[in-house]
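only the shape, not the letters, is given here:
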């Protein structure tokens, strides 16, 4: 018995070996390399000198970087919340056994299948005050109609939230819908017999039961937040001015156009540590829960 | 395969031992000198232009292997990665600027001193160009064109409609013209609010209103006192004055969409590099008839020199070195220069070129370039790419936010301090 188990574990290790090597060299290796580069004065090529935390000091004096972090935080909260709420509502509506469910599902999920570079351009046109919604309203006779968020310093970021929510809420819908379909009909019957209103069932019973789907959706959305790059480039290019800058774009700009990989690496490391600071406690809490469950 | 390349190597060695590859008299057919060329000329007009170089190179005994990568940043990144990876292209495009200075300093480029000596580059080329391609006495790049980044293009019908009789000769006349265009119900200044376009607009104002001395003392000498001066404050004020003459839809607009506004006569003027001419000619418009162009105010205004150049990553393979030298001498010679510039919208790097195929604006530009005192290097020639970027951030914040010129001056200095290791 014991022998057999060790043999399977060797087979498992062999099967996992390529992945382990990838993780060690491609992920951890490059991470360490990036950390090393961030401590040097590298410009276009990596160099091996040591300037301590100089790049980090410069990074946190950089107005644009600080603004990028702030933008990412605002964007992240709004985007995740809006996607979860809208995605949940869409899933619930579709779950009412509406006719043409297949068509609706495709319609809602379709944006997610599209590249944002293409759809971002379309959104840019829709929101452009001299081409899009504002102009259409004015042609319809509403002379004072105003919808110029995309060119407004204070509101440009929200246009990116709108466009990306449009793209990603279909994904949340699909995940939650499969969760909803997994809920036993008996539960609904029981609730109906008890005379509990439908909305109350959704809030107090269904939502907690959807927890695994919700957490999956959250993780996927969180990854999209951190990686946020192409919607910004396609829609506003970080502008007007630096109003909608995000860290990923900052890093790309310094990595390529501005030929300063030292500073770009420092920024990447800051982003990495931020993600770990958010994910590590979550992971820890989850593993505690799993432990408790497996003991019980 | 390997035998063939060995043979080619031996042949090239033998030819090299005889001296100049170009100067050789007709010989028994030898394998062409293969050169992989990395560049970012992918649009219609650009690829037609680069084909001129390719044809000339192939005719001269080379074999052009095209490796176009769309987007300047992406193309340069791929070149750098391939140099690091040991599989560099034989020739790679950069802007005529400090972009490739680090590669020179790391000793990763072959110099082309003998081509430069044979072509008499010291005398033929403009000084701002020599200053960036000649490092420590060696030529490390072959310049292929000159772009001027601050042309004023205007729509003749729009000027007529607004009752503007002649081209403005100074800043006040320019503002007056913009006012007239505004009164005529047109968009006075066609503008795309992207960071690099804001920087181009600023440098146009800076060089013309602030003058070359102030320009050089800030961009070249990094003189903080000059940044704090009243003269520079005035430059910033006048730059922002232009905001009154753009339309609401400008943020994020592409430069060619802005040019289209001038082409259609909806807008009066665009300040843009001479590549904008491509949009006019694509719309069937002719310089001097449908649109006008002037390179700044008055007969002494500076001409901002920019452009493209090819560098030659280090290799010890003799046939590649020979191909590199052949390449450098072909792309800089008068014939291909004339053919290329006519399609690219730039002007040739040398004065001894047949200009009959060029348009009115290009001819004006060539005439201006004769006057050495009007040649002014563009900021990318004087500053490292990351400082140029940091200054772009400063200017875009000033342009788009409610900032005072004093704040912009302070941020300018901070950016310069932060970009010095």
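The structure has been received and is ready for your questions. Not measured: the values here are computed from a predicted model.

correct me if wrong: residue B:418 contacts residue A:61.
Yes: contact criterion Cβ atoms under 8 Å: residue B:418 and residue A:61 qualify, at 6.3 Å. Bear in mind the C-beta positions are built from the backbone N, C-alpha and C, glycine included.

looking at these two, which has the bigger crowd around it?
More crowded of residue B:418 and residue A:61, by other Cβ atoms under 10 Å in any protein chain shown: residue B:418, with 17 against 13.

OK, contacts around that one?
A:58, A:61-62, B:390 (Cβ atoms under 8 Å, 6 or more residues apart in numbering or on different chains).

dump these to a markdown table, plus distance to residue B:327 and secondary structure.
Shown next, in a markdown table, are these (distance: Cβ to Cβ, whole Å; DSSP: H, G, I helix; E, B strand; the rest coil):
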| residue | distance to residue B:327 | secondary structure |
| --- | --- | --- |
| A:58 | 39 | helix |
| A:61 | 44 | helix |
| A:62 | 40 | coil |
| B:390 | 35 | helix |
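
what residues does chain A put near chain B?
Residues of chain A lying near chain B by Cβ under 8 Å from any Cβ of the partner chain: A:41, A:43-45, A:51, A:54, A:58, A:61-64, A:124, A:128-131, A:148, A:150-151, A:153, A:235-243, A:253-260, A:263.

what about residue A:287, neighbour count?
Close neighbours of residue A:287, defined as other Cβ under 10 Å, add up to 10.

any idea whether it is helix, strand or coil?
Here residue A:287 is recorded as helix under DSSP: H, G, I helix; E, B strand; the rest coil.

and the residue in the stretch 151-300 of chain B positioned nearest to chain A, what does it touch?
Closest approach between the stretch 151-300 of chain B and chain A, counting by Cβ to the nearest Cβ: residue B:249, at 3.3 Å. Each residue near residue B:249 by Cβ under 8 Å, 6+ apart is listed here: A:128-131, A:151.

may I ask which helix or strand encompasses it?
Residue B:249 is part of no helix or strand when elements are defined by DSSP states H and E.

and the closest residue to it other than its chain neighbours, its phi and psi?
In space, and not counting its chain neighbours, residue B:249 is closest to residue A:130: 3.3 Å by Cβ to Cβ, 6 or more residues apart in numbering or on different chains. Backbone dihedrals for residue A:130, given as degrees, to the nearest 10, come out at phi -100, psi 0.

residue A:130 touches residue B:246, doesn't it?
No: distance between residue A:130 and residue B:246: 11.3 Å, which falls outside the contact criterion (Cβ under 8 Å).

looking at those two, which is more packed in?
Neighbours were counted for residue A:130 and for residue B:246 using other Cβ under 10 Å; residue B:246 has more, 21 against 15.

and the more buried one, how far from residue A:91?
For residue B:246, the distance to residue A:91 equals 45 Å [Cβ to Cβ, to the nearest Å].

and what of residue B:91?
Here the criterion is Cβ to Cβ. By it, residue B:91 lies 56 Å from residue A:91.

looking at these two, which one has more neighbours?
residue B:91 (28 against 25).

returning to that earlier point: OK, contacts around the residue nearest to residue B:249?
Contact analysis of residue A:130 by Cβ under 8 Å, 6+ apart lists B:247-249.

equivalent analysis for residue A:163, please.
A:119-120, A:123, A:231, A:235.

residue A:289 too?
So residue A:289 contacts nothing (Cβ under 8 Å, 6+ apart).

which neighbours do residue A:130 and residue B:246 share?
Counting by Cβ under 8 Å, 6+ apart, nothing touches both residue A:130 and residue B:246.

and residue B:177, how many residues sit next to it?
Neighbours of residue B:177 (other Cβ under 10 Å): 23.

follow the chain on from the strand or helix carrying it and name the next helix or strand.
Secondary structure assignment for residue B:177, by DSSP H and E: helix B:171-183. Remark: after helix B:171-183, the chain's next helix or strand is strand B:187-189, criterion DSSP H and E.

now do residue 6, the pLDDT please.
In the absence of a named chain, chain A is used. The model reports residue A:6 with a pLDDT of 66.

try chain B instead
Per-residue confidence (pLDDT) for residue B:6: 50.

just residue B:326 next, same as before
95.

go ahead and confirm it touches residue B:61.
Yes: Residue B:326 is within contact range of residue B:61, at 6.7 Å (criterion: Cβ under 8 Å).

tell me which of those two has more neighbours.
residue B:326 (22 against 19).

tell me, what residue is most central in chain B?
Of all residues in chain B, the one closest to the mean position by Cα atoms, centre = their mean is residue B:307, 2.5 Å from it.

identify the residues contacting stretch B:169-184?
B:158-159, B:161-164, B:168, B:187-189, B:208-209, B:238, B:241-242, B:244-245, B:268-269, B:297-298.

for stretch B:345-357, buried residues please.
B:345-350, B:353, B:355 (16 or more other Cβ atoms under 10 Å in any protein chain shown).

for stretch B:166-176, same thing?
So for stretch B:166-176, counting by 16+ other Cβ under 10 Å, buried means B:167-168, B:174-175.

any weak-confidence spans in the chain?
Since you didn't name a chain, this refers to chain A. Chain A contains residues with pLDDT under 70 at A:1-6, A:293, A:295-296.

correction: the question concerned chain B.
Looking at chain B by pLDDT under 70, you get B:1-29, B:420-421.

show me what from it comes close to chain A.
Checking chain B against chain A by Cβ under 8 Å from any Cβ, the hits are B:73-74, B:76-77, B:80, B:84, B:99, B:102-103, B:106, B:193-195, B:247-252, B:384-386, B:388-390, B:393, B:396-397, B:399-401, B:411, B:414, B:418, B:421.

if we use 7 Å, what do you get?
Counting by Cβ under 7 Å from any Cβ of the partner chain, chain B comes close to chain A at B:73, B:77, B:80, B:84, B:99, B:102-103, B:106, B:193-195, B:247-249, B:251-252, B:385-386, B:389, B:393, B:396-397, B:399-401, B:418, B:421.

among these, name the buried ones.
Using 16+ other Cβ under 10 Å, the buried ones in these are B:73, B:77, B:80, B:99, B:102-103, B:193-195, B:247, B:249, B:251-252, B:385-386, B:389, B:393, B:396-397, B:399-400, B:418.

so where do the strands sit in the stretch 51-200 of chain B?
Counting by DSSP state E, counting those that start in this stretch, residue ranges of the strands within the stretch 51-200 of chain B are B:62-68, B:91-95, B:134-135, B:138-139, B:141-143, B:147-148, B:151-155, B:187-189.

any chance of the ones you listed in CSV, plus distance to residue A:101?
Putting the strands of the stretch 51-200 of chain B into CSV (distance: least, Cβ to Cβ, whole Å) gives the following:
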stretch, distance to residue A:101
strand B:62-68, 47
strand B:91-95, 54
strand B:134-135, 68
strand B:138-139, 70
strand B:141-143, 63
strand B:147-148, 57
strand B:151-155, 55
strand B:187-189, 49
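
and residue B:388, how far from residue B:80?
Taking Cβ to Cβ, one finds residue B:388 at 17 Å from residue B:80.

could you do residue A:229 as well?
20 Å.

contacting residues for residue B:269?
B:152-154, B:188-190 (Cβ atoms under 7 Å, 6 or more residues apart in numbering or on different chains).

now a PyMOL select for only the buried ones of the residues you listed.
The following PyMOL line selects those of those that are buried, judged by 16+ other Cβ under 10 Å:
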select buried, chain B and resi 152+153+154+188+189+190
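
tell me which residues touch residue B:271, please.
B:150, B:152, B:201, B:204.

state the number of residues packed around the last one.
Each residue near residue B:204 was counted by other Cβ under 10 Å, and the total is 25.

would it count as being in a helix?
Yes: under three-state DSSP, residue B:204 falls within a helix.

I'd say it and residue B:148 touch.
No: the criterion here is Cβ atoms under 7 Å, and residue B:204 misses it with residue B:148 at 10.0 Å.

tell me the contacts of whichever residue of the stretch 251-400 of chain B sits closest to chain A?
Chain A sits closest to residue B:400 of the stretch 251-400 of chain B, with a gap of 3.0 Å, by Cβ to the nearest Cβ. Contacts for residue B:400 (Cβ under 7 Å, 6+ apart) come out as A:153, A:240-241, A:243.

understood, closing this out.
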